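1. here is my input, please return the structure:
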Amino acid sequence: MVDIAEDGRTWLLSGPASSYALHLTDADELLHLHWGPRIALADAEALARHPLPAYWPFESPLDGREEYPVEGGPRFVRPALSVRTEERRGTEWRFVSYAADGDELGLRFEDGGIAITLHYRMRGDVVERWVTVANGGHARVELLRADAATWTLPDRAGWRLSQLHGRWAAESRLTTAPLTYGEKVIGSRRGHTGHQHLPWVALDTDATEERGEVYGCALGWSGSWRIAVAQLPDARVQITGGAGYDDSGLLMLEAGESYTSPVFAGLWSDGGFGGASRTWHAYQRAYVVPDAEQDRPVLFNSWEATNFDISEEQQLALARRAAEIGVELFVVDDGWFGARTSDRAGLGDWTPNPDRFPQGLKPLADQVHGLGMQFGIWVEPEMVNPDSELYRAHPDWVQYQSGRKRTELRNQLVLNLAREDVQEYLWEQLDTLLSSAPIDYVKWDFNRCFTDAGWPGEPYPQRLWVDHVRALYALLDRLRAAHPQVAFESCSGGGGRIDLGVLGRTDQVWTSDNTDPLDRLAIQHGFTQIHPARVMAAWVTDSPNIQLNGRVSSLRFRFVSAMAGVLGVGGDLTEWSAEELAEARRWVDLYKEIRPVVQHGELYRLRPPSGGLSAVQYVRGEETVVLAWLQAQSYGEPVPALRLRGLDPTASYECRETGEVHRGAVLLHHGLRTGLKGDLDATVLRLRRIR
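-> Reported below is the predicted structural model:
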C-alpha cells in the first residue's frame with residue numbers, strides 16, 4: 001500500500017508489519033524518513049517537518065539523509081548515480097512527477113535531457129527498489145554508475161554487519177562483526193555472482209536468532225556487483241548497491257536509450273535473524289521463484305558416478321537403479337555432446353555425441369520416462385572449448401583483447417553473449433535440443449570467471465559486462481516460454497551464481513560442489529539466511545567422499561543432511577549393495593512424505609552447525625519436521641534437548657517416531673545414538689498437532 005500526503009511530497013509504503021517513508025523538500029532534495037515498524041501517514045508527515053541541519057564548510061546535511069545520493073553538488077558520500085555527458089559530469093536534478101499504482105511508486109526527476117526514475121514496490125514486508133535512467137536529450141550519456149538503491153538505517157549505536165563469504169566448495173559461510181567507521185565493500189568483479197560473497201547483508205545491534213531488529217538487503221543481479229556498507233562520520237549508516245564493481249562505466253546510452261537497474265530488495269524484521277530469513281523465504285516463494293508452489297522432485301545426477309566416461313547403456317543401468325530407490329528425475333551430466341570425452345573439447349557443440357548416443361538423446365529419455373522418471377541434461381551454453389566446431393568457425397565470438405593471449409580456465413573461453421549473433425546461435429542450438437527429445441530439466445552451468453572481457457571493434461566494449469547478463473536472462477526467459485515443461489537449475493561450479501536475479505528464472509540452484517554431508521551443514525546454514533529450502537539442491541554421494549576430502553559417513557547421515565533442501569542422489573548406484581539400496585529407498589520414501597513441509601514450510605534454525613548437536617525445524621500448518629545432526633560427542637555425554645519454535649504453546653503435538661505427546665514448544669530430543677565417541681549421527685522427527 002502507498003499513502004501520499006496532500007501536498008504530494010511525502011510518501012509512505014506499508015506492508016503487514018513494516019513501513020518505508022520518504023519526503024521531497026521544497027528544494028527538490030529527496031530525504032529518507034523511516035524504515036522500520038509500521039507507522040501512519042501522519043507519523044511520516046511529522047518526521048518530514050524536522051528541518052535539516054545547517055550546512056558547514058566541511059559537512060553536508062544531505063549526507064546520510066538523502067534517499068538516493070547522486071554525484072554533484074554538496075554531497076560527499078558514495079554516489080549511487082554517476083553520469084557523464086559531453087558537457088559535464090554529475091547530476092543536478094529537479095522533481096517532475098510521481099506515479100502510484102497499488103503497492104508501486106515511481107518518482108521521476110530530470111537533469112537537462114536525462115530522466116531518472118526511482119522505483120519502489122512493496123512485496124509483503126520486502127521493499128523492492130530499482131532505478132531507470134533514460135537519455136532523452138543528449139547525443140550520448142555515459143553511465144559510470146547507476147546503483148539500484150541506497151538504504152538508510154536509523155540512528156543506533158553498535159551496529160553489527162553479517163555477510164556470507166566463501167570460495168569454491170566452501171560457499172555461504174556466515175560471519176558477523178562490528179561495523180566500524182568507513183566503508184565495508186563486498187562484491188564480484190568476475191562477471192558472475194561469485195563464490196566469494198552472496199549479494200546479501202544484514203545489520204543489527206543486539207538481535208538473536210529469534211529476537212531483535214534486523215535490516216537485510218539483497219541484490220538481484222547475476223553479473224559483477226558491489227554492495228558498500230558505510231558508517232559515516234556522524235555514525236549514520238547507509239548501504240548502496242547495484243550492478244558493476246567499479247566506476248569505470250556500465251553503459252553508453254545513445255539518444256532515446258535507457259537503462260533499468262536490477263532490483264535491490266530490503267526488509268526490516270523484529271523477529272531476529274530467523275524472522276528475517278522466513279520473510280525472505282516467503283517473498284521468494286511468492287514473488288521470485290517460478291512455480292514455487294510445486295514440489296521439486298528427487299533427482300539422480302550421473303556426474304560423480306561416471307564423470308566424462310558415459311554411454312547410453314551405462315546411463316540406463318544407473319537409471320534402473322535410480323528408479324528402484326524412488327528417484328523421480330534422472331539427469332545426464334557432462335559428457336553427452338560433441339567431442340566431450342574430457343574438459344578439453346566439445347563445449348559449444350550442443351548435439352549428442354554420435355558414438356555415445358547414435359540416435360540422439362530421445363531413446364534414453366524415452367526409456368527413463370518408461371521407468372517412471374523425468375529426464376534431464378547438463379549444459380554450459382556461455383562457454384566454448386578452443387577444441388570445438390563452434391570455436392573453429394567463430395573464434396571472434398569469445399571475449400578477448402586484441403593483441404593479448406586468450407586466457408583459458410578449465411580449458412575454456414567465455415562466449416561474448418552480448419553479441420546478437422551469439423545469442424541467436426545459442427537460442428537455435430538449445431531450442432533444437434529441447435525439441436529433439438522429451439527433456440524435463442536442464443542443469444545450466446558456468447564454470448569460469450571473466451578474464452579477457454574485451455570486444456574488439458565495439459565502440460563501448462565495457463557494455464558486455466551488463467549486456468552478457470541481460471542476454472542470459474533473455475535467453476532463459478525465451479527458452480522457458482517456448483518449453484514450459486522444462487525446469488532449470490542454476491549452477492556455477494557449485495554456488496557461483498546464486499542471487500535473486502537468476503532465481504527469478506530458475507527452479508532451483510546447485511548450492512555447492514562440496515557434497516560432503518558434514519561440510520554441507522555450514523553451507524546450508526548460511527544459504528538459508530536469505531534463500532529458502534525450496535531452491536537448495538543437495539546430493540547424497542558415495543562414502544568415502546573421494547571427490548573432495550575422503551571423509552567416511554553413514555548413509556543415514558548423508559541422507560538427513562541432503563534432506564534439508566531439495567534431495568538428490570549422486571553416488572554410483574551400480575556399486576551400492578542391496579542393503580544400501582534398500583536403505584536408500586526408505587530414506588527417499590520418507591523424504592517424499594516430509595517434502596511439502598521442508599520445501600514450503602517456515603524454517604527455524606534451532607542450533608547452528610558449530611559442533612556437537614545442530615538442528616533445523618520446518619513448520620507447515622499442523623505438521624512439523626525436525627532434522628538433527630550429532631557432529632561430535634564425548635563418550636557418555638548426553639544429547640541436549642531441543643526447544644522447538646513456531647508452535648502453539650497451548651497445543652499438544654504427537655511425535656510419530658516415539659509416540660510421545662508433548663505440550664507447547666519443548667521437546668526432549670530423541671533418535672540420536674549416544675556414547676559413540678567422535679561418531680556422526682542424524683535423525684528425522686515428525687510431529688503433528690493433535691489438539
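
2. ok, residue 316 touching residue 364?
-> Yes: under the criterion of Cβ atoms under 8 Å, residue 316 makes contact with residue 364 at 6.4 Å. The way it works is simple: take the backbone N, C-alpha and C, and place the C-beta from them, glycine included.

3. okay, the two: which has more neighbours?
-> A side-by-side neighbour count of residue 316 and residue 364, using other Cβ atoms under 10 Å, places residue 364 first with 25 against 15.

4. show me the contacts for that one.
-> Applying Cβ atoms under 8 Å, 6 or more residues apart in numbering, we find residue 364 in contact with 312, 315, 316, 319, 332, 357, 375.

5. need the longest helix for the protein.
-> Longest helix in the chain, counting residues (DSSP state H): helix 578-600.

6. restrict that one to CA atoms and write it as CSV.
-> Extracted C-alpha coordinates of helix 578-600, given in CSV (Å, rounded to 0.1, in the frame of the first residue of the first chain):
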residue,chain,number,x,y,z
ALA,A,578,21.4,-54.5,-1.9
GLU,A,579,21.3,-53.3,1.8
GLU,A,580,22.4,-49.8,0.9
LEU,A,581,19.8,-49.6,-2.0
ALA,A,582,17.0,-50.8,0.4
GLU,A,583,18.0,-48.2,3.0
ALA,A,584,18.2,-45.5,0.3
ARG,A,585,14.7,-46.4,-0.8
ARG,A,586,13.4,-46.0,2.8
TRP,A,587,15.0,-42.5,3.1
VAL,A,588,13.7,-41.4,-0.3
ASP,A,589,10.2,-42.6,0.7
LEU,A,590,10.5,-40.6,4.0
TYR,A,591,11.7,-37.5,2.2
LYS,A,592,8.6,-37.6,-0.1
GLU,A,593,6.4,-37.7,3.0
ILE,A,594,8.1,-34.7,4.6
ARG,A,595,8.8,-32.8,1.3
PRO,A,596,5.8,-30.5,1.4
VAL,A,597,6.9,-29.3,4.9
VAL,A,598,10.6,-29.0,4.1
GLN,A,599,10.2,-27.2,0.7
HIS,A,600,7.2,-25.0,1.6
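
7. and the average pLDDT for that helix is what?
-> Per-residue pLDDT values over helix 578-600 give a mean of 98.

8. buried stuff in the very next helix or strand once past it?
-> Moving toward the C-terminus from helix 578-600, the next helix or strand (DSSP states H and E) is strand 602-607. Using 16 or more other Cβ atoms under 10 Å as the test for burial, strand 602-607 gives 602, 603, 604, 605, 606, 607.

9. now those residues as CSV including distance to residue 127?
-> Formatted as CSV, these follow (distance: Cβ to Cβ, whole Å):
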residue, distance to residue 127
602, 21
603, 22
604, 24
605, 24
606, 29
607, 31
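
10. just name the closest of those residues to residue 142, please.
-> residue 603 (44.1 Å; Cβ to Cβ).

11. ranking the contacts of residue 364 by neighbours, who comes first?
-> That'd be residue 332 among the contacts of residue 364, by other Cβ under 10 Å, with 30 neighbours.

12. that residue and residue 303 touch, don't they?
-> No: using Cβ under 8 Å, residue 332 makes no contact with residue 303, being 9.2 Å away.

13. separation between residue 518 and residue 165?
-> 19 Å (Cβ to Cβ, to the nearest Å).

14. so where is this protein shaky, pLDDT-wise?
-> 633-636, 664-671, 673-679 (pLDDT under 70).
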